[in-house]
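J.: below is the sequence, then the predicted model.
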Amino acid sequence: MSAAVSGDNRAVTLSPLLCAYDHVILDLDGTVWVGGVATHRAPEAVAAIRASGRRLAFVTNDATHTPEEYVRRLWSIGCTASVEEVVSVGSAVQYVLAERAPGARVLVVGAPALHRHVSDAGHHVVNHLPDAETADVVVVTAHAGFDYAELRTATRALLAGAELISGGRDRNYPSHGGIAPGTGAVTAALEYASGATARIVGKPDPQVFEVALDRLGPGRTLVIGDHLVSDLAGAAAAGLDAAIVLTGVTSRGQAEAAADPAPVAIAPDLATLVLSS
């Protein structure tokens, strides 16, 4: 039975697919928005899920913003959200680094938000120090300021024995101006240059989904995303079903060909998947 929800002065109902789940984990880039612009009726879909009593979590491999900034971005497109509902790869990196004894020297290849996560984990960011090339750890996520000098310093640190921690293997992601290189592209460059193998803590590593599940509580959970590896395979690794939307990096042909795991549903966009009217 579908769940009726009132919104924008018209009745909407959740699709039969959504009614079979207690909670929803939503990818952001390529699912809720593309380049910060909401996908078709995405705010309405998010509001309908929330109004039905189902709990939500937003999971992203983008570490260029803090959870607080993601909340503000969600509100700016008409989606209500709280900090507790946002699980970013930066949060996952912080969790992993917090397992180490405090005081490690960390070279950060990433945006200022990632620097903050490293500091909050109790470690020292050494990017601007003369001995940055002898860092204990290199942490990497894609960011707009990435350049050759950063690649060179990180490579030398890895060749000197630093551990490599990466926020994911996404080759690319959908941005407002088109497809852009993802964290996986930067990680591959560092691995190739140094011979190191990165420890991956972002999607498709199941840890990110497990953090979201801890916040959601018991119940059957559906992951909705646009990426066959990060979202579909990552959900499967965490024991979760996943649906694929076509507003990001995956075409219908690619989604339909996916197997082991296969998506439980494929839809043109989030609203089409979530709403039955």
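T.: Received the coordinates, thanks.
J.: can you map out the strands along the stretch 151-277 of the chain?
T.: 163-166, 172-175, 178-181, 199-200, 221-225, 241-245, 265-267 (DSSP state E, counting those that start in this stretch).
J.: can I get those strands in TSV including mean pLDDT, mean neighbour count and distance to residue 18?
T.: Quick note: C-beta positions are derived from backbone N, CA and C, even for glycine. Shown next, in TSV, are these (pLDDT from 0 to 100; neighbours: other Cβ atoms under 10 Å; distance: least, Cβ to Cβ, whole Å):
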stretch	mean pLDDT	mean neighbour count	distance to residue 18
strand 163-166	98	22	33
strand 172-175	86	20	23
strand 178-181	91	13	29
strand 199-200	95	16	30
strand 221-225	98	27	7
strand 241-245	98	26	9
strand 265-267	98	18	10
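J.: now residue 37: phi and psi?
T.: When read as degrees, to the nearest 10, the backbone of residue 37 gives phi -100, psi 130.
J.: what sits against it?
T.: 77, 176 (Cβ atoms under 8 Å, 6 or more residues apart in numbering).
J.: model confidence for it, exactly?
T.: With respect to pLDDT, residue 37 has a value of 95.
J.: for it, list each beta-bridge partner.
T.: Assessed by DSSP bridges, residue 37 has beta-bridge partners residue 34.
J.: can you offset everything so residue one is 515?
T.: All right, first residue 515 from here; so that's residue 551.
J.: any idea how far residue 545 is from it?
T.: Between residue 551 and residue 545 the distance is 13 Å, computed by Cβ to Cβ, to the nearest Å.
J.: before we move on, the earlier item: okay if I get the strands of the stretch 665-791 of the chain as CSV plus distance to residue 536?
T.: Formatted as CSV, the strands of the stretch 665-791 of the chain follow (distance: least, Cβ to Cβ, whole Å):
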stretch, distance to residue 536
strand 677-680, 32
strand 686-689, 29
strand 692-695, 34
strand 713-714, 28
strand 735-739, 7
strand 755-759, 12
strand 779-781, 17
